[in-house]
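S.K.: Need coordinates for the following:
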Amino acid sequence: MKKIILFAMLAVAGITASNAQSTKKATTTKAAKVQGAGMVFENETIDYGTIAHNADGNRQFVFVNNGTKPLIITNATGSCGCTVPTTPKEPIAPGAKGVIGVKYATDRVGAFTKTVTVTSNAEGQPTKTLTIKGTVLPDPVKS
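M.R.: Below is the predicted model:
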């Protein structure tokens, strides 16, 4: 009986290790070189979490040009006036990192989920949608 339990535990450990390697390979494959310009983000969603009213609303989406040609971002728009993106003005060289800044207006209380749509010359994905989300707390009630 002990041998059966030991065998089952080893089998589960082997499957878990195999799944971890598969996940690692999938992450590595995502950044594969592309012909032309490419854009791979470290994170496509930024979670502000729960933040104070009027807290700093600035965050950054970091990306790499995984292509063979310079990446040119032609436009970035927020889903509403409360979400303001900023983009690099110069082309991003192959292999170089870039940053798309986003500022959320934290004077608006409550939960939020907003998007930033980025337009570029990236092969296979000329438009990319990024997401920000979180909750802005109201000011504490003073007694």
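
S.K.: What is the subsequent helix or strand relative to the helix or strand bottoming out on mean pLDDT in the chain?
M.R.: In the chain, no helix or strand scores lower on mean pLDDT, DSSP states H and E than helix 2-30, which sits at a mean of 44. Where DSSP states H and E defines the elements, the next helix or strand beyond helix 2-30 is strand 40-41.

S.K.: buried stuff in the helix or strand following that following strand?
M.R.: Next along the chain after strand 40-41, taking DSSP H and E as the criterion, comes strand 45-51. When burial is assessed from 16 or more other Cβ atoms under 10 Å, strand 45-51 yields the following buried residues: Ile46, Tyr48. Quick note: C-beta positions are derived from backbone N, CA and C, even for glycine.

S.K.: Quick one: mean pLDDT over the following helix or strand past strand 45-51.
M.R.: Once strand 45-51 ends, the next helix or strand along the chain (criterion: DSSP H and E) is strand 58-64. The pLDDT scores in strand 58-64 average 98.

S.K.: What strands line up against strand 58-64, and which way round?
M.R.: strand 40-41 (antiparallel), strand 97-104 (antiparallel) (DSSP bridges).

S.K.: Now render those as CSV, adding distance to Asn66, mean pLDDT and mean neighbour count.
M.R.: CSV is the format used below for the strands paired with strand 58-64 (distance: least, Cβ to Cβ, whole Å; pLDDT from 0 to 100; neighbours: other Cβ atoms under 10 Å):
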stretch, distance to Asn66, mean pLDDT, mean neighbour count
strand 40-41, 5, 96, 16
strand 97-104, 11, 98, 18
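
S.K.: Tell me which of those sits nearest to Ser79.
M.R.: Comparison of the strands paired with strand 58-64 against Ser79 by Cβ to Cβ identifies strand 97-104 as nearest, at 10.8 Å.
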